[in-house]
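Student: coordinates for the following, if possible.
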Amino acid sequence: MPPKKISKSGPPKKTSRGPVKPSEDDAHGILEGISSLHSWIKTQTMIRPTKLGVKRDGSVGFSDEEDEDVVISLTSKDPNVSGTQVRWDHTMGEFVGLHFTESMIDHLEIESIVHHVESDEAKMQIKTFGMPALIDESDAEFKARVRRDSVTSSVETEEGQSKLANQFAFIERATQTMNNGSMCAEIQTDPPPRASFSETVNQWIIYDYYEKYEKMKEVEDKNELEEEYKPNPSKKKVAQEMQTKEEEDVDRRILRSAKVLERMVNLNTFDDVAQDFRFWEDQSDEYKDVEGSLLPLWKFSFERAKKLEITGLCWNPKYCDLFAATYGSYNFYTQQDMGFVCLFSLKNPSYPEFLCEAHCGVMCVDIHPQHPHMVVVGLYDGNIAVYNLQIRSSVPTYMSTAQNGKHKDVVWQVKWVRDNLDGYLNFYSVSGDGRVTNWTIVKTALWFTDQLVINFEKTLLNFGDEKIGDHLLDSGRSIAFKPDEENIFLVGTEEGLVYMATTQYSSQYLMTYPAHSTPVYNIQWNTFIPQIFITCASEFVVKLWHKDSTKPILRFDLGSQVGDIVWAPYSSTVFAAVTIEGKVYVYDLHINKYSPICMQSVVSKKQGVLNHIAFNLEEPIIVVGDSRGYVHSMKLSPNLRKRTKEAQMAYNNQDMKEFEQLEIKKLEQLLNQVIEPVKKHTNDVNESQ
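Tutor: Predicted structure coming up:
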């Protein structure tokens, strides 16, 4: 850069009118300096590099267009942000680009280490280390800084010394900022409904549609006006509604009080029975070897169901004093046009706690193990009814119809099972039409699925070569699900056969047991060893089975037709049965494998027959239903509920796991004595064949 020329006239002199203007020589020198600066900047401009093998002297392959200036510019856009992203817009029906907002980039950020002089930290430092040295205002460097920044001022202290004012109210921070781009608020919604419509129309069709539209619009406007000018309910009507609600509350409280009084009166009336239920123990058992007895307690009945029979009994799994009894009839020639489900309580034997009515005879009942307010029953006409006791209504909450899977014959048994994978309640029913149906309660409807259709398996004679049996179905009479595997169940039939099937498929049976020659009334799995089950039919014999053998393990001849059987919940070897002669039989296989330890008559043969029996799950009592509509409750004597010393000790210590192991061991010892001879006999028969 050439040096500036120095003017010979010297520096300008000051006058009283102001500063002196520069001369023409000085202006000429400044212009020459600016021209030299521009020429120097041009030489520093970056030129696009030449291609390999091409020279700058204008040789072949070189064009003037390639000799362009390369301009390097800084931008605030982030190169890492993609600008090609798109999203489908349902409203426009096409892909649209996404707009991203730019962000600020901090190049330098320094945290302050200075404390305010009036803060607690600063006062503590002054107290500990003393006041730091103040800056002298006469210092030339300080004066220059004050003159340059013009942001500080001096503050006089109490001692007359000057100090700097607060300087850290301003923090110097280098940042790069950018202008925010325009923002677009986008909302993604469901696509609007679209439909293709095509029709040949003419003028009168269009006119008819317009007329219809105008009429609909007039009706809507009229309804809006009526709602707008609808008079408010009068005070008298509001007062009547409030009075009705208060009366309902009073009635509810009176009903509850009356129920409490009724229980108190019944407790006084049946005081001797209540004392026997709680404290009586048969002292004569001490002088007997193994025999026991049954003490009659309360007798339950319902006045409106005197002409009906007890067709089902089931204890509530949660409330041990509550059981359900169903009223129907086994005389199919004179069926009644009514049926009842009565839930009796031991605290009030005079009248049922809950009463549910049906339009025909009720043939079976079951209470849900986890939801004790849900009761399912099977009816004589093939329908299924589900009652919700929490609603306190005598009308079924759910009811099957001919459109949603109603059976074509009597429903003989129903069983609740575990909730399905969707969490819906479901149960099974078996009927005389040969169907085993699974029912699912979905909101306010019953869904059904035929799980199994029982085909007729026996051979029919005197019918020639025609296979009529292939077109017939066998009637189902009873069903029982395996306690440890709920996908496996047993089905008893009208022909006396028992089938083991699975809910996973219905193409074939897992096992077929030639159990009886008459209809199978009931099947019961042993709760301690689920491989053992017991069956009874319309004959004299009760049979004990192992699921892997088609031959019965034990047979028990009761001398008369059996009505029902049930395992005891407190022992693995005790079961009870009732007969049409009005007798109750109690067996304990651990004590005697061949004879009952109790045989007691409940009703005389002339008065009626016993249909069903059920053990209480906690108390040592049983309930028995007869053909006259009465339910008899009886208490077991000590010999009938006797346990081994080890099992009794574990039960008293509430060690239920040890108690179950001891009961399983007791039954396994019995099975080892019986199953081996049965297997040996079966093998000998197979070898001889």
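
Student: just list whatever residues bridge to Phe615.
Tutor: Taking DSSP bridges, one finds Ile622 as the beta-bridge partners of Phe615.

Student: so who does it touch?
Tutor: Neighbour list for Phe615: 315, 566-569, 576, 622 [criterion: CB atoms under 8 Å, 6 or more residues apart in numbering]. Just so you know, the C-beta spots here come from the backbone N, C-alpha and C atoms, and that holds for glycine as well.

Student: out of the residues you listed, grab the one that's most surrounded.
Tutor: Among the contacts of Phe615, Ile622 has the most neighbours (other CB atoms under 10 Å), with 25 neighbours.

Student: can I assume it is in contact with Val631?
Tutor: No - using CB atoms under 8 Å, Ile622 is not in contact with Val631; the gap is 10.6 Å.

Student: could you pull out the helices for the stretch 151-300 of the chain?
Tutor: Along the stretch 151-300 of the chain, the stretches classed as helices by DSSP state H, counting those that start in this stretch are 203-228, 235-269, 271-279.

Student: return the most buried member of these.
Tutor: helix 271-279 (a mean of 13; mean count of other CB atoms under 10 Å).

Student: now it: average pLDDT?
Tutor: pLDDT averaged over helix 271-279 equals 87, rounded to a whole number.

Student: that one to helix 235-269, inter-axis angle?
Tutor: Comparing the axes of helix 271-279 and helix 235-269 via axes from the mean of the first three to the mean of the last three CA atoms, to 10 degrees yields an angle of 70 degrees.

Student: tell me which strands and helices helix 271-279 is in contact with?
Tutor: Applying 3 or more CB pairs under 8 Å, 6 or more residues apart in numbering; DSSP states H and E, we find helix 271-279 packed against strand 294-300.

Student: so what are the sheet partners of the helix or strand just after the strand it packs on and their directions?
Tutor: Along the chain past strand 294-300, the next helix or strand (assigned with DSSP states H and E) turns out to be strand 309-315. Neighbouring strands of strand 309-315 in its sheet, by DSSP bridges, are strand 322-328 (antiparallel).

Student: so the spatially most central residue of the chain, which state does it fall into?
Tutor: Nearest to the mean C-alpha position of the chain, counting by CA atoms, centre = their mean, stands Gly423 at 4.8 Å. Three-state assignment for Gly423 (DSSP: H, G, I helix; E, B strand; the rest coil): coil.

Student: phi, psi for it please.
Tutor: Listed backbone geometry of Gly423 is phi 90, psi 10, with angles given as degrees, to the nearest 10.

Student: check the one 4 residues further on too.
Tutor: Dihedral angles of Phe427 (phi, psi; degrees, to the nearest 10) stand at phi -150, psi 170.

Student: equivalent analysis for Lys127, please.
Tutor: For Lys127, the backbone dihedrals are phi -70, psi -30 (criterion: degrees, to the nearest 10).

Student: residues near it, how many?
Tutor: Per other CB under 10 Å, the neighbour tally for Lys127 reads 9.

Student: same check on Cys342?
Tutor: For Cys342, the neighbour count with other CB under 10 Å is 25.

Student: so it is in contact with Gly328, correct?
Tutor: No - taking contact to mean CB under 8 Å, the distance of 12.0 Å between Cys342 and Gly328 leaves them out of contact.

Student: turn the contacts of Phe615 into JSON lines, columns for distance to Met374 and pLDDT.
Tutor: Below are those laid out as JSON lines (distance: CB to CB, whole Å; pLDDT from 0 to 100):
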{"residue": "Trp315", "distance to Met374": "15", "pLDDT": "94"}
{"residue": "Val566", "distance to Met374": "22", "pLDDT": "94"}
{"residue": "Trp567", "distance to Met374": "24", "pLDDT": "94"}
{"residue": "Ala568", "distance to Met374": "26", "pLDDT": "93"}
{"residue": "Pro569", "distance to Met374": "21", "pLDDT": "91"}
{"residue": "Ala576", "distance to Met374": "27", "pLDDT": "94"}
{"residue": "Ile622", "distance to Met374": "24", "pLDDT": "94"}
